[in-house]
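S.K.: Structure for this input, please:
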Amino acid sequence: MKLHWPREAAEWTEALPVGNGRLGAMVFGGAGRSRVQVNDATVWSGTADGPSLALADVLASGAGPERLAQVRAAIFGGDLERATELLMSFEGPYSQTFLPYVDLWITLPEGESHGRTLDLSTGVVTERLTIDGAEVVRRTWASETALCVEIVGAVPAGVELTTPLREVSRDGLNLVIEIPVDSAPKHEPQVEAPVYGSGERGTVSVEIRQSDRWLLTLTSSTTTESRWTGKRHGNHMTLMDACAVSFGDVPEVVDVPELLSGKDEQLIASVLFAFGRYLLVSSSRPGAPPANLQGIWNGELRPAWSSNYTININTQMNYWAAEVTGLAECHEPLLELLEKLAVTGADVARELYGARGWVAHHNTDAWGWSLPVGMGHGAPSWAIWQMGGSWLVQHAWDHYDFARSRSTLERAWPLLHGCAEFCLDWLVEGPDGYLDTCPSTSPENWFLVDGEPQALTWSVTTDVVLIRAVFERTLALALASGRADPIVAEISAALPRLRPVPVFGERLGEWVEDRPEEDPTHRHLSHLVSVYPLGQIVAGTPLGDAAVASLDRRGNGAMGWSWAWKMALRARLGDAETVKSLLSEASQPFTGDRHRDAPFDGSEWGGLLPNLFSTHPPFQIDGNFGFTAALSEVVVQSHTGVIDVLPALASGWSRGSARGLRCRGGLAVDVTWHDGFVSVRVRRLSGDAAEVVPVRIGGELTEVVVTDVVDVRGRISC
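M.R.: Residues are numbered from 1 along each chain as shown. As a prediction, the model looks like this:
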């Protein structure tokens, strides 16, 4: 698939992304002086000892196990104001910021641009120009080691390299840059940012060779890159070719402005599926940090929410599509970050809470930040949530569950084991004998007590279902590996004492008690994590029906990432028509102010920017990744132990195909459908040599023995 824009970019939200996981660039195009804005995934503010120094400061302020006991007593005693005041002392400063790096300026003679074309399969942006009556072709891409710009045509060209950071020195084509030692999000305007010191520095080198064909390569090294494995691998074309999904007819070249102004919902779905995979391949490769709130593309010194890792939904959504769309290799950076958190988070768990294992809260960064944030004045609803690690660690389980290999098991075990240890120690016996989490918040949401918004309580639904998943999956890993670990007995004793998921009336409850919400249509759906991605609650059950009622209460409207989550939830619950409706809403072109950070109240919902980035606004890449994951659920689901084919296909989507979608258990599935006839091919990629696999098509269940490849046919109504 190739995506075409008929003009050059006038601003950043019109530029086109390329990347190799380490280097990312936004390509503006055009004759005359054109910009390529460049990021390096390892260029973050901060220093390696930042998390430990912040922990020491928080402990010095009086936070720790004794104060935690006071917080719990205040919550169980109903004094939520006192609990909030005490808990704020647990907040450190903010996690650090992913920063812009350099701008590459290429000057050609004035001429006419005939548009830019992004080839998703190769990752190359091609632009054709007419200069002095002759054709000039410019191609921009990220190889495995460098950013490359090729100009074919006998034209003079000038190259300039600038940086928004502090330039230390120039030496020919080498530029030395100083990276800030501290930063803070722009919603803290009273805090100076960025803050420079004598800290981390980076080097940029450019090599130019001249003839009728110019090839410019830009490479980068930083002193922070050593914190990552450096084992770079992964070919763009191979990764993109691993999986493809098409709904209806898809042309080889898609005109994007025409797509955004049209009504071809199947083509929109096909493009968004492919574009999300393209962005993950381009922004997440082994040897570099994982994709952040903006992937690896950020042009601002103070981006929204520091362009870091928000781990109460956003980072998780970035990787929902990794395993199911054949990009397990792109999952590696997130697993490596988890391994960093298991180290820094162990110090926080022990010193701050007196607990074993490791913990992470709402945010983290490339340094492995695991403390609460907020600087002592952040509202607990968004600053303090001890379950961030419990959610993020589910990705280690998914990496194992899709492959079922010994290597993925051995990688997941210590991460889940350490997380389970923290959860066991975090639980306390509540007034009615259940094991409770306390303090507890439902991320970024509030309930009302006597008309006043409050965030603190105990055992919110999200906490309980995440801990249940950690416990059950740790037990499954112990069983699969034959381990006789003492934690098995601890978990087995704790599991029956966790609170059941609450149902109030007909809907799934968010809090332990039936509290009125401050915002019944809140964008977060944390209490429904048990439906997607955890798969603990399934369609057609009483809890599934309660989840539907809760989702109905929230409503459809949202912003990019929330739309994507609602699409995935509706697909899991078999509501194909609402999936289609949500996709239609989410894919509308955004017509508001692209440069303004919109309020959270839903009064200014985002859609798609001109370059197909999903926006709140501002731009957040999680929506793009979430669309791909949700559309995967439309075609194939495997969370119940059954390969469920086309479980959420909307009416009118009568033709399509999928190749290389992955299913749990080391399987890959190819699907084609046409006017009700469905053909499925199940392939074994890893795991047991022969296994009985149930396949459901249109409600009909067939059991097949998969040794290598097996074909199944069926019928659906469409």
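S.K.: Every contact and neighbour count from this point should use C-alpha atoms.
M.R.: Will do.
S.K.: What's opposite S679 in the beta bridge?
M.R.: Bridge pairing for S679 (DSSP bridges) gives the partners T672, R713.
S.K.: Assess the claim that it and V669 are in contact.
M.R.: No - counting by C-alpha atoms under 8 Å, S679 stays clear of V669, with 10.3 Å between them.
S.K.: quick check, E332 in a helix?
M.R.: Yes - according to DSSP: H, G, I helix; E, B strand; the rest coil, E332 belongs to a helix.
S.K.: what about it, how many neighbours?
M.R.: Other residues lying near E332 total 21 when counted by other C-alpha atoms under 10 Å.
S.K.: any idea whether the closest residue to H639 other than its chain neighbours is helix, strand or coil?
M.R.: Leaving aside its chain neighbours, H639 sits nearest to G535 (6.0 Å; criterion: C-alpha to C-alpha, 6 or more residues apart in numbering). Following three-state DSSP, G535 is assigned to coil.
S.K.: wait, G535 sits on T640?
M.R.: Yes - when contacts are counted by C-alpha under 8 Å, G535 is listed as touching T640 (7.3 Å).
S.K.: So for these two, which sits in the more crowded spot?
M.R.: Shown here are G535 and T640; by other C-alpha under 10 Å, G535 has more neighbours (17 against 12).
S.K.: With L335 as the reference, measure out to that one.
M.R.: Applying C-alpha to C-alpha, to the nearest Å, the value for G535 to L335 is 21 Å.
S.K.: Show me where the stretch 201-350 of the chain has its helices.
M.R.: Ranges of helices in the stretch 201-350 of the chain, per DSSP state H, counting those that start in this stretch, are 236-241, 256-261, 265-283, 314-318, 320-324, 328-353.
S.K.: Can you show me the strands along the stretch 1-150 of the chain?
M.R.: Read by DSSP state E, counting those that start in this stretch, the stretch 1-150 of the chain holds these strands, from start to end of the chain: 2-5, 16-19, 23-27, 33-40, 102-107, 112-119, 124-131, 134-142, 147-152.
S.K.: Can you say which of those is nearest to V253?
M.R.: The minimum distance between V253 and the strands of the stretch 1-150 of the chain falls on strand 2-5, with 4.7 Å, by C-alpha to C-alpha.
S.K.: mind listing what the closest one pairs with, with the direction of each?
M.R.: Each strand paired with strand 2-5, and its direction, by DSSP bridges: strand 112-119 (antiparallel), strand 253-255 (parallel).
S.K.: can you give me the angle the first one makes with strand 134-142?
M.R.: Counting by axes from the mean of the first three to the mean of the last three C-alpha atoms, to 10 degrees, strand 112-119 points 30 degrees away from the direction of strand 134-142.
S.K.: could you give the angle of strand 112-119 to strand 124-131?
M.R.: Here strand 112-119 runs at an angle of 170 degrees relative to strand 124-131 (the same axes, to 10 degrees).
S.K.: Need the CA coordinates for strand 112-119. CSV is fine.
M.R.: What follows is strand 112-119, C-alpha atoms only, in CSV (Å, rounded to 0.1, in the frame of the first residue of the first chain):
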residue,chain,number,x,y,z
GLU,A,112,7.1,22.7,-8.4
SER,A,113,6.3,19.7,-6.1
HIS,A,114,4.0,17.0,-7.4
GLY,A,115,3.3,15.6,-4.0
ARG,A,116,4.7,13.0,-1.6
THR,A,117,4.1,9.3,-1.6
LEU,A,118,4.8,7.1,1.4
ASP,A,119,5.3,3.4,0.6
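S.K.: who touches that strand?
M.R.: The contact list for strand 112-119, computed with C-alpha atoms under 8 Å, 6 or more residues apart in numbering, reads 1-8, 16, 29-31, 124-131.
S.K.: The last one too?
M.R.: When contacts are taken as C-alpha under 8 Å, 6+ apart, the neighbours of strand 253-255 outside the stretch itself are M1, K2, L3, H4, W5, P6.
S.K.: And the helices in the stretch 401-550 of the chain?
M.R.: When secondary structure is read from DSSP H, counting those that start in this stretch, the stretch 401-550 of the chain shows helices at 406-426, 461-481, 487-494, 542-554.
S.K.: Can you tell me which of the ones you listed is nearest to P257?
M.R.: For the helices of the stretch 401-550 of the chain, proximity to P257 was assessed by C-alpha to C-alpha; helix 542-554 is nearest, at 31.5 Å.
S.K.: what sits against S270?
M.R.: Going by C-alpha under 8 Å, 6+ apart, S270 touches V245, S246, F247, V250.
S.K.: per-residue confidence at the third one?
M.R.: So that's F247. Here the pLDDT value assigned to F247 is 98.
S.K.: on that earlier part again, deepest of the strands of the stretch 1-150 of the chain, which one?
M.R.: strand 16-19 (a mean of 28; mean count of other C-alpha atoms under 10 Å).
S.K.: Partner strands of that strand and their direction?
M.R.: Short version: by DSSP bridges, strand 16-19 pairs with strand 23-27 (antiparallel).
S.K.: Pull out the CA atoms of the partner strand and give them to me as PDB.
M.R.: Listed next in PDB are the C-alpha coordinates belonging to strand 23-27 (Å, rounded to 0.1, in the frame of the first residue of the first chain):
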ATOM      1  CA  LEU A  23      16.000   7.500  14.300                       C
ATOM      2  CA  GLY A  24      12.700   9.100  13.400                       C
ATOM      3  CA  ALA A  25      12.100  11.900  11.000                       C
ATOM      4  CA  MET A  26       9.200  14.000   9.800                       C
ATOM      5  CA  VAL A  27       9.500  14.700   6.100                       C
END
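S.K.: roughly how far out does it sit from the chain middle?
M.R.: 19 Å (C-alpha atoms, centre = their mean, to the nearest Å).
S.K.: tell me the angle it makes with strand 33-40.
M.R.: Orientation of strand 23-27 against strand 33-40 (the same axes, to 10 degrees) gives an angle of 160 degrees.
S.K.: re earlier: identify, from the contacts of S270, the entry nearest to D552.
M.R.: Nearest to D552 out of those is F247 (C-alpha to C-alpha; 26.8 Å).
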